[in-house]
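>>> Need a 3D model of the sequence below.
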Amino acid sequence: MKWKQQFIFILTLAAVQLCFIFYCLSLYRNDKIHITDDVKVIRLSINGKDMFCAPKTKDASTDSMVLLMCSENMRHIESGVQLLHSGSTSESPKKVRDVISEGKLLIVNKTKDEYERRLTESMFKRDPDGYVNMFDETKPMDFHCDVCAVVSASGHLLGSKAGAEIDSANCVIRMNIAPTKGYEVDVGTRTSLRFAGFPNLMYGIFKANKIFEREKLPEKLLIWSGNTPQIRSVVKGEAKFLKKNHTGLDMYITTDREMKFHDELFAMETGKNRDSSKSWLSTGWFSIVLALKRCNRVKVYGMVEANHCEKTTARLDIPFHYYSMDNGYECMFYRKHEIGLKEGHRFFTEKYVFKKWARYFNLTFHYPEWDISKDDQRTPFLIKKTQSIPNPRYGVKRGPLPANFGNVREQNVRFPRTIEELRNNRFRPEKV
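Numbers count the residues shown, from 1 in each chain. Now for the predicted structure:
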């Protein structure tokens, strides 16, 4: 009996020691590690690997690192910093080069912004043939254009008279069930590719809306689908019935790898896991990523900036869709999803990311125009709820997001009830 007690004691002691070791390791892997009083190391993800990086100069901040020294091994960073700061200007660079030649240390001659740009560009170069034929996945979708017009379904297009400009693009990408008939002056007439979410097939939205009976068939119909076998099976089954009624419809679907790529891209740009944060990517997100992959120049119509709804000049009477009032007003709908505690789209956050991409790629936004030289404030989804949120529109300078953020019903403003009221320019928001 005594030996059993000793055995249990030894096991307990070993478990305690193991927990202590893991605790020390967790401290060792903090995002910021002090080497000296004025030199800190941050942990970055480079090509899927955790790398420890330190500035080459003592006075460099983590926001403006001109030279980074990165390695998977913390000891290499420590030795590199000691060599650079040893005071010997003649020997240190040579010794550092020797460390680099051994493959132990990586010098990144980039600023922080340039480094992030390189990561984003490298992500977009990973084109895994993510768009394939709906009924034969061995056949990839052939879609490459010089100038692409990505047309949103936003009410901002009403009265824009952008139709001719949109139709002048080599390819025109439309989303979900956004129509052209009756709105030709504002949104154009051509449709090279219609990009739609799988609910349009699963829940019979195409059939109920009769979009393909009322509109000229698009050259291609691309469906982004959930990456579970059950969803893809239902989507393909519904696609067969759609194909029977519209034999000329050329249908494609996103692959599992493509959907995983979008999750990785979202995580890289936001620092949040899409699934665990219960975020839904919008068709606008999928459409812009497709265009950036397959078009030399991308012009987006109707999308607003991330902080648009907070501007004092913003019109809050704009409907979410230019063809329907079913989803209400754009700012209200955006706000509802952005701060949804359970799940939802992160519209403001997506626009925040799009502005960054506009600096990296040949990507422009029209009706309204975007000023990409100015950074948007971080969105409610990206910041902690207890953190201060600059909110000049509602006079909030400190504290959490106000309860009436974007809630136009609490602002004594009368809004139109029909699309026709907006289209005919007979409505102007006025205080009541």
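>>> Dihedrals phi and psi, Phe320?
Phe320 adopts backbone torsions of phi -60, psi -40, taken as degrees, to the nearest 10.
>>> Next up, the contacts around it.
Ala153, Ser154, Gly155, Asn327, Gly328, Tyr329, Glu330, Phe333 (Cβ atoms under 8 Å, 6 or more residues apart in numbering). For every residue, glycine as well, the C-beta is placed using N, CA and C.
>>> Return the subset of those lying in helices.
Members of the contacts of Phe320 lying in helices (criterion: DSSP state H): Glu330, Phe333.
>>> Out of the contacts of Phe320, which is nearest to Val353?
Nearest to Val353 out of the contacts of Phe320 is Ser154 (Cβ to Cβ; 17.4 Å).
>>> so Met74 touches Cys53, yeah?
No - taking Cβ atoms under 8 Å as the definition, Met74 is not a contact partner of Cys53, at 10.7 Å.
>>> which of those two has more neighbours?
Taking neighbours as other Cβ atoms under 10 Å, Met74 and Cys53 compare with Cys53 leading, 20 against 16.
>>> and that one, that one's in a strand?
Yes - the assignment for Cys53 is a strand, going by DSSP: H, G, I helix; E, B strand; the rest coil.
>>> Please report the distance of it from Met123.
To Met123, Cys53 is 19 Å away according to Cβ to Cβ, to the nearest Å.
>>> What of Asn296?
Taking Cβ to Cβ, one finds Asn296 at 18 Å from Met123.
>>> can you redo the contacts of Phe320 as TSV with pLDDT?
Formatted as TSV, the contacts of Phe320 follow (pLDDT from 0 to 100):
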residue	pLDDT
Ala153	94
Ser154	93
Gly155	92
Asn327	78
Gly328	84
Tyr329	86
Glu330	87
Phe333	87
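>>> mind putting the contacts of Phe320 in TSV, distance to Ile223 and neighbour count included?
Compiled in TSV, the contacts of Phe320 are given as follows (distance: Cβ to Cβ, whole Å; neighbours: other Cβ atoms under 10 Å):
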residue	distance to Ile223	neighbour count
Ala153	17	23
Ser154	22	22
Gly155	25	24
Asn327	21	13
Gly328	26	16
Tyr329	28	22
Glu330	25	25
Phe333	23	18
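>>> Identify, from the contacts of Phe320, the entry nearest to Asn176.
The closest of those, once distances to Asn176 are taken by Cβ to Cβ, is Ala153, at 6.7 Å.
>>> tell me the phi and psi of the nearest residue to the closest one once chain neighbours are set aside?
Closest residue to Ala153 apart from its sequence neighbours, by Cβ to Cβ, 6 or more residues apart in numbering: Ala178 at 4.0 Å. Phi and psi for Ala178, reported as degrees, to the nearest 10, are phi -60, psi 120.
>>> ok, back up a step: got the contacts of Phe320 as a markdown table, with distance to His308 columns?
Converted to a markdown table, the contacts of Phe320 look like this (distance: Cβ to Cβ, whole Å):
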| residue | distance to His308 |
| --- | --- |
| Ala153 | 16 |
| Ser154 | 10 |
| Gly155 | 13 |
| Asn327 | 17 |
| Gly328 | 16 |
| Tyr329 | 13 |
| Glu330 | 9 |
| Phe333 | 13 |
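>>> And the contacts of Phe320, which is closest to Asp376?
Glu330 (16.4 Å).
>>> Please parse the protein into its domains.
30-109, 131-431 (automatic domain parsing).
>>> Count the neighbours of the residue nearest to Met202 when sequence neighbours are not counted for me.
With sequence-adjacent residues excluded and distances taken as Cβ to Cβ, 6+ apart, Met202 is closest to Val234, at 5.5 Å. Per other Cβ under 10 Å, the neighbour tally for Val234 reads 16.
>>> Summarise which helices and strands the helix or strand harbouring Val234 is packed against.
Assessed by DSSP states H and E, Val234 sits inside helix 229-245. Where contact means 3 or more Cβ pairs under 8 Å, 6 or more residues apart in numbering; DSSP states H and E, helix 229-245 is packed against helix 199-202, strand 251-254.
>>> Low-confidence regions, the stretch 151-300 of the chain specifically.
Along the stretch 151-300 of the chain, segments meeting pLDDT under 70 span 227.
>>> where along the stretch 151-300 of the chain do the strands fall?
Ranges of strands within the stretch 151-300 of the chain are 171-175, 193-197, 220-224, 251-254, 279-280, 295-301, based on DSSP state E, counting those that start in this stretch.
>>> Show residues contacting the longest one.
This points to strand 295-301. Residues outside strand 295-301 that contact it (Cβ under 8 Å, 6+ apart): 144-152, 157, 160, 162, 166, 169, 171, 187, 288, 291-292, 354, 361-367.
>>> Buried ones among the residues you listed?
The neighbour-count test (16 or more other Cβ atoms under 10 Å) applied to the contacts of strand 295-301 identifies 145, 147-152, 157, 160, 162, 166, 169, 171, 187, 288, 291-292, 354, 361, 363, 365-367 as buried.
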